[in-house]
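Engineer: pasted the sequence and its predicted model underneath.
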Amino acid sequence: MKTTRIFAAILIGLFLIGANAIIVKSEIPAKTPVSALKITYKVNVQMVNPISLCNDYYVVITNEWGAPVARPQFYSAHKTVYTFFEPGPAKGKRIATLTLNTVSDPTVCPFILRTTPYILKGNFHVGEVYQFYLFPKLDATSGD
């Protein structure tokens, strides 16, 4: 009889320890990467002939009305991929461009970079990655 009580007490103790471990584990939130909570845009800037720039540029993603959907990023000729995040889901157009910094003086620099905007349209889903491709080209300024 004494042995049965000891085994019963051990079994109840093990059961309580196991139940406690399950409850504690379920209360700890798992770390979720930022990209799983937002829409991710990757802008690939492919400069054919890397050059030393005399103006400042930003890589920007806007919606169809021209409003940025994420903070613009400073363009560097040594970096090719720029990652942006937007809360989602979203619908409409997303337009990637390379823009001249508004404080740059185009009359000082003999050339500027121009890109054709890369446009994606449709539904943009949280956790998904959308790719954009920009190909900057040199364009001489008319510094009269």
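Structural biologist: Okay, I see it.

Engineer: quickly list the domain ranges of the chain.
Structural biologist: Annotated domains of the chain cover 1-30, 34-140 [automatic domain parsing].

Engineer: ok, Val43 - how many residues close by?
Structural biologist: Neighbourhood size, Val43 [other C-beta atoms under 10 Å]: 23. Placement of C-beta: from N, CA and C, glycine included.

Engineer: now the helix or strand where it lies: buried residues?
Structural biologist: Taking DSSP states H and E as the definition, one finds Val43 inside strand 39-45. Using 16 or more other C-beta atoms under 10 Å as the test for burial, strand 39-45 gives Ile39, Thr40, Tyr41, Val43, Val45.

Engineer: now render these as TSV, adding distance to Ile112 and pLDDT.
Structural biologist: Listed next are the buried residues of strand 39-45 as TSV, based on distance: C-beta to C-beta, whole Å; pLDDT from 0 to 100:
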residue	distance to Ile112	pLDDT
Ile39	30	97
Thr40	29	97
Tyr41	24	98
Val43	19	98
Val45	15	95
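
Engineer: give me the angle between whichever helix or strand comes after the strand holding Val43 and strand 39-45.
Structural biologist: Counting by DSSP H and E, the next helix or strand C-terminal to strand 39-45 is strand 57-62. Strand 57-62 runs at 140 degrees relative to strand 39-45, counting by axes from the mean of the first three to the mean of the last three C-alpha atoms, to 10 degrees.

Engineer: what helices or strands is strand 57-62 leaning on?
Structural biologist: In terms of contacts (3 or more C-beta pairs under 8 Å, 6 or more residues apart in numbering; DSSP states H and E), strand 57-62 is packed against strand 39-45, strand 73-74, strand 81-86, strand 90-100.

Engineer: quick one: mean pLDDT for the shortest one?
Structural biologist: What that stands for is strand 73-74. Across strand 73-74, the average pLDDT comes to 96.

Engineer: that strand pairs with which strands?
Structural biologist: Applying DSSP bridges to the sheet, strand 73-74 is found paired with strand 57-62 (antiparallel).

Engineer: and what of the third one?
Structural biologist: When pairs are called by DSSP bridges, strand 81-86 turns out to pair with strand 39-45 (antiparallel).

Engineer: how about the longest one?
Structural biologist: Strand partners for strand 90-100, identified by DSSP bridges, are recorded as strand 57-62 (antiparallel), strand 118-124 (antiparallel).
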